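1. take this sequence and fold it.
(one chain, ligands or ions: 2)
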Amino acid sequence: MTAAVAAVDLGATSGRVMLGYVGHDELRLVPVARFPNNPVRVLDGLHWNILELYRNVVVGLGSALREEPDVRSIGIDSWAVDYALIRDGRMLGNPYHYRDDRTAAGVDATHTIVGPADLYAANGLQFLPFNTLYQLAAEQLAGSLGAAQSMLLIPDLIGYWLTGAQRAEQTNASTTGLLNVHTGGWDEELIRRLGLPRGIFPEIVAPGSTVGTLVPAVAAELGASRALPVSAVGSHDTASAVVAVPATGPDFAYISSGTWSLVGVELEHPVVSEDSRAANFTNEGGVDGRIRYLQNVSGLWLLSESVRSWERGGEQIDLPTLLHAAATVDAPVPVFDAADARFVAPGDMPARIAAWCTEHGLVAPQSRAEFVRSILESLADAYARSIETAAALSGKQVSVIHVVGGGSQNALLCQLTADRTGLPVLAGPVEATAVGNVLVQARAQGLIAGDTSLEGLRAIVAKTFSPVRYEPAVR
Ligand code: ADP
Ligand code: LRH
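-> Ligands and ions are numbered 1, 2, ... in the order given. Purely as a prediction, here's the structure:
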């Protein structure tokens with residue numbers, strides 16, 4: 001028997017609502033709604049347009065239910081680390097965007113109390129200035145934390161608005177920096193030392209558990225015929241994407257390639273050695289208690305923000321045409337450090353890349369095609385270094401690289417990744433995050449026949465979506 005679930009996947013670039021049909025020998029995703037995710041800058045900084053996102057989620061779920069009235073559950077995932085503060089059911093201010101620069105003071109304040117080495121021993125997270133704990137420290141300095149009764153990460157916030165239940169889904173909570181990397185629970189000692197109000201952190205729930213059922217007003221708005229459950233999934237988008245890596249053996253690395261590139265391996269146990277901290281590797285929580293041992297490599301943000309700069313004059317750029325031009329660039333292009341912090345904020349990306357090159361004695365790219373080629377070569381170079389380091393630090397064998405997400409459609413980047421790593425690259429599925437979201441819900445609903453382990457779920461993905469294979473160039 002085949003049954004349907006609905007997946008809401010909010011990426012930093014765009015959001016979508018999808019129906020996932022799962023049954024014996026069947027996995028089929030049907031896109032129902034897609035909408036852009038455009039942040040908004042106002043006087044106090046850069047924010048997500050959260051109410052517009054929620055409106056699109058509700059409209060999309062309404063369409064999904066009209067198309068398939070027998071949806072069994074809803075699952076929500078999004079980008080990590082960002083949150084809303086809640087008091088008496090009200091959102092206290094609009095959530096900030098992780099690219100807002102207010103967190104610098106929060107980093108200093110946090111490290112004055114707990115140094116980076118102690119933090120890593122507790123939470124196992126790579127240093128990123130926007131990790132939730134630094135954002136909360138910035139709130140504290142601004143005096144805006146005192147009124148809060150709870151803190152809800154973005155998918156938990158959407159889940160709250162749908163069901164009235166306040167929970168913290170585990171994989172996404174692991175990106176706050178406030179979960180203990182060994183126990184997977186809120187780190188009471190760390191929260192106490194940082195002077196954060198313990199009461200704002202909700203009960204943690206694991207992927208596969210039920211968050212709640214739709215409140216009657218929402219059910220009516222969606223045209224749902226009965227109280228539908230919202231199921232916890234790997235609500236960190238990267239956790240859901242890693243579920244849907246179509247691996248057929250254990251020796252794989254993955255690149256979840258979208259706005260960011262998340263590059264790493266899956267482990268059973270965290271690695272919190274001093275070498276791992278120095279290399280800035282993270283141990284994020286995966287579905288089924290796995291560890292996502294990875295690094296944030298500035299991803300296709302470098303490209304999309306460049307395109308945005310070029311389009312500022314009103315011109316419309318066609319991405320496939322631009323990528324084709326980049327593939328035909330013969331002259332050598334500079335390889336820059338894609339992880340340089342200067343590339344994180346929104347703004348003129350080509351100018352920042354050119355400045356980096358000049359500062360490092362390299363000739364900056366000239367044409368748009370050269371800029372794009374330089375970005376892709378630099379990303380592929382960063383991937384190669386990250387995968388080599390992940391394997392060395394974790395002891396994991398890597399014989400193949402799976403690229404999933406929107407960036408898996410970038411044939412040039414996939415080929416450059418194969419060339420620079422010397423390993424075969426298997427690209428796809430494009431919508432891995434939604435696939436992972438669907439599969440974890442389907443498993444919770446008892447729709448998966450046979451092996452329900454992550455390996456079993458990945459075998460279903462491998463059978464359903466044939467990845468495109470890129471062989472490394474012979475050197
Ligand atoms: P996110 O989940 O972070 O919003 P996605 O996984 O949707 O990101 O990936 C978005 C990226 O996918 C874009 O920035 C773009 O570079 C890439 N992309 C989208 N469509 C194509 C395409 N047709 N060819 C190559 N790359 C593409
Ligand atoms: C990718 C992602 C990534 C986080 C970043 C903030 O969408 O969730 O895993 O580090 O956004």
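2. from now on I want contacts and neighbour counts done on CA atoms only, so please keep to that.
-> Will do.
3. pLDDT weak spots in the protein?
-> Applying pLDDT under 70 to the chain picks out residues 226, 475.
4. could you chop it up by domain?
-> Domain ranges of the chain: 3-236, 245-428, per automatic domain parsing.
5. so what's the gap between the last one and the chain middle?
-> Between the centre of domain 245-428 and the centre of its chain there are 14 Å (Cα atoms, centre = their mean, to the nearest Å).
6. quick one on the thing from earlier: may I see the domains of the chain arranged in CSV, with distance to Asn437 and mean neighbour count as well?
-> Shown next, in CSV, are these (distance: least, Cα to Cα, whole Å; neighbours: other Cα atoms under 10 Å):
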stretch, distance to Asn437, mean neighbour count
domain 3-236, 6, 20
domain 245-428, 10, 20
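7. need those in JSON lines with distance to ligand 1, can you?
-> Putting these into JSON lines (distance: least, Cα to the nearest ligand atom, whole Å) gives the following:
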{"stretch": "domain 3-236", "distance to ligand 1": "3"}
{"stretch": "domain 245-428", "distance to ligand 1": "3"}
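8. for Val468, which of these is the nearest?
-> Closest to Val468 of the domains of the chain, according to Cα to Cα: domain 245-428, at 5.0 Å.
9. ok, the closest one near ligand 2 or not?
-> Yes - Domain 245-428 comes into contact with ligand 2 (Cα under 6 Å from any ligand atom), by way of Trp260.
10. span of that domain from start to end?
-> With Cα to Cα, to the nearest Å applied, domain 245-428 spans 8 Å between its terminal residues.
11. then stretch 3-16?
-> Terminal residues of stretch 3-16 are spaced 20 Å apart (Cα to Cα).
12. what residues does it touch?
-> Stretch 3-16 is contacted from outside by 17-23, 31-38, 53, 57, 60-61, 64, 68, 70-79, 237, 259, 433-434, 437-438, 441-442, 447, using Cα atoms under 8 Å, 6 or more residues apart in numbering.
13. swap in stretch 146-164?
-> Residues from elsewhere that reach stretch 146-164 (Cα under 8 Å, 6+ apart): 54, 76-88, 92, 140, 165-169, 172-173, 199-202, 211-215, 218, 230, 235.
14. please tell me how far Val233 sits from Val438.
-> Distance, Val233 to Val438, using Cα to Cα: 8 Å.
15. now the common contact residues for these two.
-> Common contacts of Val233 and Val438 (Cα under 8 Å, 6+ apart): Gly75.
16. in helices only, show me the contacts of stretch 3-16.
-> Among those, the members falling in helices (DSSP state H) are 53, 57, 60-61, 64, 237, 433-434, 437-438, 441-442.
17. out of those residues, which comes closest to Ala279?
-> For these, the residue nearest Ala279 by Cα to Cα is Asp237; the value is 23.4 Å.
18. okay, now the closest one: neighbour count?
-> 26 (other Cα atoms under 10 Å).
19. looks like it contacts Asp77 (just checking).
-> Yes - taking contacts as Cα atoms under 8 Å, Asp237 lies within contact range of Asp77: 5.3 Å.
20. which SSE is immediately downstream of the helix ranked longest in the chain?
-> Using DSSP H, we find that the single longest helix of the chain is helix 368-394. Sequence-wise, the next helix or strand downstream of helix 368-394 (DSSP states H and E) is strand 400-404.
21. show me what that next one packs onto, helices and strands only.
-> strand 252-257, strand 425-427 (3 or more Cα pairs under 8 Å, 6 or more residues apart in numbering; DSSP states H and E).
22. show residues contacting that strand.
-> By Cα under 8 Å, 6+ apart, strand 400-404 touches 241, 245-247, 251-257, 414, 423-432.
23. what is the orientation angle of that strand with strand 252-257?
-> 20 degrees (axes from the mean of the first three to the mean of the last three Cα atoms, to 10 degrees).
24. rewinding a little: just put the helices and strands packed on strand 400-404 in a markdown table and tack on distance to Leu190.
-> Formatted as a markdown table, the helices and strands packed on strand 400-404 follow (distance: least, Cα to Cα, whole Å):
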| stretch | distance to Leu190 |
| --- | --- |
| strand 252-257 | 30 |
| strand 425-427 | 40 |
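25. returning to that earlier point: what is the orientation angle of the longest helix of the chain with strand 400-404?
-> Going by the same axes, to 10 degrees, helix 368-394 makes 130 degrees with strand 400-404.
26. thought Pro334 was touching Cys357?
-> Yes - with contact defined as Cα under 8 Å, Pro334 reaches Cys357; the gap is 7.1 Å.
27. joint contacts of those two?
-> In contact with both Pro334 and Cys357: 363-364, using Cα under 8 Å, 6+ apart.
28. quick one: contacts for the closest residue to ligand 2 within the chain?
-> Taking Cα to the nearest ligand atom, ligand 2 has its nearest neighbour within the chain at Trp79, 3.4 Å off. Listed by Cα under 8 Å, 6+ apart, the contact set of Trp79 reads 10-12, 154, 236-238.
29. what about the strands in the stretch 251-400 of the chain?
-> Using DSSP state E, counting those that start in this stretch, the strands found in the stretch 251-400 of the chain span residues 252-257, 260-267, 282-285, 291-298, 400-404.
30. out of the ones you listed, which is closest to Ala382?
-> Taking Cα to Cα, strand 291-298 is the member of the strands of the stretch 251-400 of the chain nearest to Ala382, at 7.1 Å.
31. CA atoms of the closest one as CSV?
-> This file holds the C-alpha atoms of strand 291-298, laid out as CSV (Å, rounded to 0.1, in the frame of the first residue of the first chain):
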residue,chain,number,x,y,z
ILE,A,291,27.2,12.1,14.1
ARG,A,292,27.6,14.4,11.1
TYR,A,293,31.3,15.1,11.2
LEU,A,294,31.6,17.9,8.8
GLN,A,295,32.7,21.4,7.9
ASN,A,296,30.7,24.4,6.6
VAL,A,297,32.4,25.4,3.4
SER,A,298,31.0,28.6,2.0
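32. mind listing what it pairs with, with the direction of each?
-> Sheet pairing for strand 291-298, assigned by DSSP bridges, gives strand 260-267 (antiparallel), strand 282-285 (antiparallel).
33. make a markdown table out of the ones you listed and add distance to Trp161.
-> Shown next, in a markdown table, are these (distance: least, Cα to Cα, whole Å):
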| stretch | distance to Trp161 |
| --- | --- |
| strand 260-267 | 27 |
| strand 282-285 | 25 |
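34. of all those, which one is nearest Ser378?
-> Nearest to Ser378 among the strands paired with strand 291-298 is strand 260-267; the distance by Cα to Cα comes to 12.3 Å.
35. how about residues contacting that closest one?
-> So strand 260-267 is in contact with 238, 252-256, 290-301, 383, 386-387, 390-391, 394, 396, going by Cα under 8 Å, 6+ apart.
36. try 6 Å this time
-> Contact with strand 260-267 is made by 253-256, 290-299, as judged by Cα atoms under 6 Å, 6 or more residues apart in numbering.
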